[in-house]
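Visitor: Got a predicted structure here, sequence first:
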Amino acid sequence: MSINYTYGYARVSTRQQDLIRQLDMLEKYNCTEILTEKMSGTKTNRPELVRLKDKIRPGDTLVVESFSRLGRSTKDLIELMEYFERKGVKLISLKENFDTTTPHGKLMLTVFQAFSQFERDLIAQRTNEGLASARARGRKGGRPRVNDKNVQKALKLYNSKDYTISEIVEMSGVSQATLYRYIQKVIN
């Protein structure tokens, strides 16, 4: 029989702010463990959130004071909600009175997911319209073609072992990534 844990997650945006109000709310919820961060929600790498995602298991519960403490943006919040849903984790937001284990919470999660899919579809539609418009004006998308002469020059310089990669890039006009890609082709 596995034991289910209740994790709390609290975050403030700056070191000067304090977590007391959030911690008080989470402690009333009797969380097994509370993970805290003092860093802007705009940061994509939030170590404590990453740690939480690594340790939380199906059947566990995640409690936050409010959604604004969990996600950096609406899109990020929805992606996190979907992540925890897929993982079988219950999500509770105290301020919004949201609980994914209730019928209302499940409905709201479905609505959030629908909006997320709608946003992805709109982005794809605008991208395709932009590409069609560019093609109509004679522009082609994709990576610019590499000049074969420049690649051959770069490979000769590389094989001579007289130059650093930086020097080869500068002399040939071939990017470092492209050079490495062609070197891998030669090796394989």
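Guide: Cool, got the structure. Residues are numbered from 1 along each chain as shown.
Visitor: Grab the nearest non-local neighbour of residue 116.
Guide: Residue nearest to residue 116 in three dimensions, not counting chain neighbours: residue 78, with 4.2 Å by C-beta to C-beta, 6 or more residues apart in numbering. Using the backbone N, CA and C atoms, a C-beta is placed for each residue, glycine as well.
Visitor: what is the mean pLDDT for whatever helix or strand that neighbour lives in?
Guide: Counting by DSSP states H and E, the element that carries residue 78 is helix 74-86. Average pLDDT, helix 74-86: 87.
Visitor: ok, then the element right after that helix?
Guide: Sequence-wise, the next helix or strand downstream of helix 74-86 (DSSP H and E) is strand 90-93.
Visitor: For that next one, which strands pair with it and how are they oriented?
Guide: Strand pairing for strand 90-93, using DSSP bridges, gives strand 61-64 (parallel), strand 98-99 (antiparallel).
Visitor: how about these, which one is nearest residue 22?
Guide: Minimum separation from residue 22 across the strands paired with strand 90-93 (C-beta to C-beta) falls at strand 61-64, 8.2 Å.
Visitor: Give me the contacts around that closest one.
Guide: 4-10, 26, 29, 31, 52, 56, 70, 84, 89-94 (C-beta atoms under 8 Å, 6 or more residues apart in numbering).
Visitor: Quickly note the distance from the residue located most distally from the centre of the chain to residue 181.
Guide: Distance from the C-alpha centroid of the chain peaks at residue 160, with 41.8 Å (C-alpha atoms, centre = their mean). Separation of residue 160 from residue 181 (C-beta to C-beta, to the nearest Å): 19 Å.
Visitor: The longest helix belonging to the chain - contacts with which helices or strands?
Guide: Ranked by residue count under DSSP state H, the longest helix found in the chain is helix 103-136. In terms of contacts (3 or more C-beta pairs under 8 Å, 6 or more residues apart in numbering; DSSP states H and E), helix 103-136 is packed against helix 74-86, strand 98-99.
Visitor: Could I get these in JSON lines, plus columns for mean neighbour count and distance to residue 20?
Guide: JSON lines is the format used below for those (neighbours: other C-beta atoms under 10 Å; distance: least, C-beta to C-beta, whole Å):
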{"stretch": "helix 74-86", "mean neighbour count": "16", "distance to residue 20": "23"}
{"stretch": "strand 98-99", "mean neighbour count": "18", "distance to residue 20": "23"}
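Visitor: Tell me which of the ones you listed sits nearest to residue 118.
Guide: helix 74-86 (10.8 Å).
Visitor: In terms of secondary structure, what does the closest one contact?
Guide: Applying 3+ C-beta pairs under 8 Å, 6+ apart, one finds that helix 74-86 contacts helix 67-70, strand 90-93, helix 103-136.
Visitor: go again using 10 Å as the cut-off
Guide: Using 3 or more C-beta pairs under 10 Å, 6 or more residues apart in numbering; DSSP states H and E as the contact test, the elements touching helix 74-86 are helix 47-55, strand 61-64, helix 67-70, strand 90-93, helix 103-136.
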